[in-house]
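> Sequence first, predicted model second:
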Amino acid sequence: MEGAVDLHDLNEFFRLSAILNLQLSAREVGKQNIVSIILGGRRMPPREQDILIRVLQYLDNAYGETRRRLGPFAVLHPIRATALLARSTPQPGMLDLLTEMLHDKLEDLTAASMGDEHFNRMEGEFRALLHDIDPKDEWYLMERLDWLTRRPDQTYLQYIGNLLDRSHQTPALIRVKLADRLDNTLDMRIDIEDPIAGVDFFATLFQVMFVNNFPGYRSDLPHPPSSPLNGAQRLYQLFKNAVVLSLMRQKEVGKGDPAAMAMFNALAVASMKEAQRTILHIFAFHETDVRKQRELIMDAMGYVQAGGVDHVTPPGQGRMLDGLFLSRFEDTSPEDRKHRLDALYRDKPLMVEAAIAFIVIFLSFLSDEKYFVRGVGAQGIVPD
């Protein structure tokens, strides 16, 4: 777990983001510095470093001013995910780094999103840089990018299932996908520092449960401004992480790969901590009655002890968390999912219990190497 600690640390993630943003703005010297940041002090032959610099230039030109949902430049995501991947292994391979840097190319950098003129110009630039790559590596790179691209007719579970099946032959795919999910998980907040830095989450819950005169958790920070990514949408991202980790366990991929396991553990810890942030935020600003908090914790505890997070449950069985995966997070149309998540966001007690359930799920991944959520399968989610 030691290698995973830095990978899941939100304050370290903010620092990495700030450094990369600074270098991206330094047009003349930034690319060489970015490669050094990605490699984390590791050495790489000058020719390979030159190729990485050219890929960075291509991505910078291709994404241009396009921004992520929370506002940062879109090009930051593949660069930062590559840095996370590099930090998971003593010596990252060139092909793995290229795959991570370009993992969203076929999905994001299209004629429809860029316009025909810009797309054609960037495709010419991309083909030119491919000429400098070993032909064998070029073939493997394009095959990997194809597998990493979700087709319009695929559900998320089908996409992950197919990707994991292929990873038995191409283990790098799971490393790349885990780094992608880890970056997406950490990139759900725009804060100066981790809002739960220095807070003992489990000690806080202990006081809620057992200290009768506990006044309740109070944050030292003001209520954050509204964000394009609210708490319910963050919980949906944790659901996606639970899907990826459950399917990995079922399909037994990545078990002998130290880098994949480091990121598996880091993703579980990062997801658990995000669920903790959700609970403490609601306790500090929304559901502030300690007696009500205690009731929610007790109800979730009973559900967990009865095995409710070990498998997918059907809705309508009399408990608040019954059917959580099916009724709130199942992979449906974007419009339907938005409606479900909007309803979840208005239901703060359910958000608290859902976050508790996710904490237990991700702790179970960390404590039991055979654990997965039964009923989560590549073809869909069904009550087990």
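Noted; the coordinates are in hand.

> Sketch out the low-pLDDT regions of this structure for me.
1-5, 27-29 (pLDDT under 70).

> how is it carved up into domains?
2-147, 182-381 (automatic domain parsing).

> Reformat the ones you listed as JSON lines; add mean neighbour count.
(C-beta placed from N, C-alpha, C; glycine too.) Converted to JSON lines, the domains of the chain look like this (neighbours: other C-beta atoms under 10 Å):
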{"stretch": "domain 2-147", "mean neighbour count": "17"}
{"stretch": "domain 182-381", "mean neighbour count": "18"}
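
> Which one, of these, ends up nearest to L164?
domain 182-381 (4.8 Å; C-beta to C-beta).

> circling back to that earlier point, could you dump the domains of the chain into a markdown table with distance to D153 added?
Output for those, formatted as a markdown table (distance: least, C-beta to C-beta, whole Å):
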| stretch | distance to D153 |
| --- | --- |
| domain 2-147 | 14 |
| domain 182-381 | 13 |
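
> For R166, which of the ones you listed is the nearest?
domain 2-147 (5.1 Å).

> Give me the distance between the closest one and the centre of its chain.
Mean-position distance between domain 2-147 and its chain equals 17 Å (C-alpha atoms, centre = their mean, to the nearest Å).

> Could you do stretch 341-351 as well?
Taking C-alpha atoms, centre = their mean, one finds the center of stretch 341-351 at 21 Å from the center of the full chain.

> Using PDB, list the CA coordinates for it.
These are the backbone C-alpha positions of stretch 341-351, laid out as PDB (Å, rounded to 0.1, in the frame of the first residue of the first chain):
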ATOM      1  CA  LEU A 341     -29.100  12.000  -9.700                       C
ATOM      2  CA  ASP A 342     -31.100  15.200  -9.300                       C
ATOM      3  CA  ALA A 343     -33.600  13.300  -7.100                       C
ATOM      4  CA  LEU A 344     -30.700  11.800  -5.100                       C
ATOM      5  CA  TYR A 345     -29.100  15.200  -4.600                       C
ATOM      6  CA  ARG A 346     -32.400  16.500  -3.000                       C
ATOM      7  CA  ASP A 347     -32.400  13.500  -0.700                       C
ATOM      8  CA  LYS A 348     -29.600  14.200   1.800                       C
ATOM      9  CA  PRO A 349     -30.400  11.300   4.200                       C
ATOM     10  CA  LEU A 350     -30.100   8.800   1.300                       C
ATOM     11  CA  MET A 351     -26.900  10.500   0.200                       C
END
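
> about what we covered before: can you check which of the domains of the chain gets nearest to S167?
domain 182-381 (4.9 Å).

> First-to-last residue distance for that closest one?
Taking C-alpha to C-alpha, to the nearest Å, the first and last residues of domain 182-381 lie 23 Å apart.

> next structured bit after the longest helix anywhere in the chain?
Ranked by residue count and defined by DSSP state H, the top helix of the chain is helix 258-285. Using DSSP states H and E, the helix or strand that follows helix 258-285 in sequence is helix 290-305.

> Which strands and helices lie in contact with that following helix?
helix 201-210, helix 348-367 (3 or more C-beta pairs under 8 Å, 6 or more residues apart in numbering; DSSP states H and E).

> Dump the ones you listed into CSV; add distance to P46 as well.
Output for the helices and strands packed on helix 290-305, formatted as CSV (distance: least, C-beta to C-beta, whole Å):
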stretch, distance to P46
helix 201-210, 46
helix 348-367, 40
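
> Skipping its backbone neighbours, what lies nearest I174 in space?
Leaving aside its chain neighbours, I174 sits nearest to S167 (4.4 Å; criterion: C-beta to C-beta, 6 or more residues apart in numbering).

> what about the one you found, distance to Q237?
21 Å (C-beta to C-beta, to the nearest Å).

> Q317 too?
In terms of C-beta to C-beta, Q317 sits 26 Å off from Q237.

> Check the burial of the residue nearest to I174 by counting its neighbours.
As a burial measure, S167 scores 22 neighbours (other C-beta atoms under 10 Å).

> Test my guess that it contacts K255.
No - contact criterion C-beta atoms under 8 Å: S167 and K255 do not qualify, at 11.3 Å.

> between these two, what contacts are shared?
By C-beta atoms under 8 Å, 6 or more residues apart in numbering, S167 and K255 have no common neighbours.

> Look up which residues are beta-bridged to I381.
Per DSSP bridges, the residues bridged to I381 are V376.

> residues in contact with it?
Neighbouring residues of I381 by C-beta under 8 Å, 6+ apart: 157, 312, 325-326, 330-331, 375.

> secondary structure class for the residue lying closest to I51 once chain neighbours are set aside?
Leaving aside its sequence neighbours, I51 sits nearest to D132 (C-beta to C-beta, 6+ apart; 5.9 Å). Secondary structure, DSSP: H, G, I helix; E, B strand; the rest coil: D132 is coil.

> you'd agree D132 is up against I53?
No - if you go by C-beta under 8 Å, D132 and I53 don't touch, sitting 11.1 Å apart.

> now V373, nearest residue through space, not along the chain?
Nearest one to V373, counting by C-beta to C-beta, 6+ apart, is S246 at 4.7 Å.

> can I get the CA coordinates of whatever helix or strand that neighbour lives in in PDB?
With secondary structure defined by DSSP H and E, S246 is part of helix 231-251. Once non-C-alpha atoms are left out, helix 231-251 reads as follows in PDB (Å, rounded to 0.1, in the frame of the first residue of the first chain):
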ATOM      1  CA  GLY A 231     -22.500  15.400  -4.400                       C
ATOM      2  CA  ALA A 232     -24.800  13.000  -6.100                       C
ATOM      3  CA  GLN A 233     -22.800  13.200  -9.300                       C
ATOM      4  CA  ARG A 234     -19.700  12.500  -7.300                       C
ATOM      5  CA  LEU A 235     -21.400   9.400  -5.800                       C
ATOM      6  CA  TYR A 236     -22.100   8.300  -9.400                       C
ATOM      7  CA  GLN A 237     -18.400   8.400 -10.100                       C
ATOM      8  CA  LEU A 238     -17.800   6.200  -7.000                       C
ATOM      9  CA  PHE A 239     -20.400   3.800  -8.400                       C
ATOM     10  CA  LYS A 240     -18.400   3.600 -11.600                       C
ATOM     11  CA  ASN A 241     -15.200   2.800  -9.600                       C
ATOM     12  CA  ALA A 242     -17.100   0.100  -7.700                       C
ATOM     13  CA  VAL A 243     -18.100  -1.400 -11.100                       C
ATOM     14  CA  VAL A 244     -14.500  -1.300 -12.400                       C
ATOM     15  CA  LEU A 245     -13.000  -2.900  -9.200                       C
ATOM     16  CA  SER A 246     -15.800  -5.500  -9.000                       C
ATOM     17  CA  LEU A 247     -15.300  -6.600 -12.600                       C
ATOM     18  CA  MET A 248     -11.500  -6.700 -12.100                       C
ATOM     19  CA  ARG A 249     -12.000  -9.100  -9.200                       C
ATOM     20  CA  GLN A 250     -14.500 -11.300 -11.100                       C
ATOM     21  CA  LYS A 251     -12.300 -11.500 -14.200                       C
END
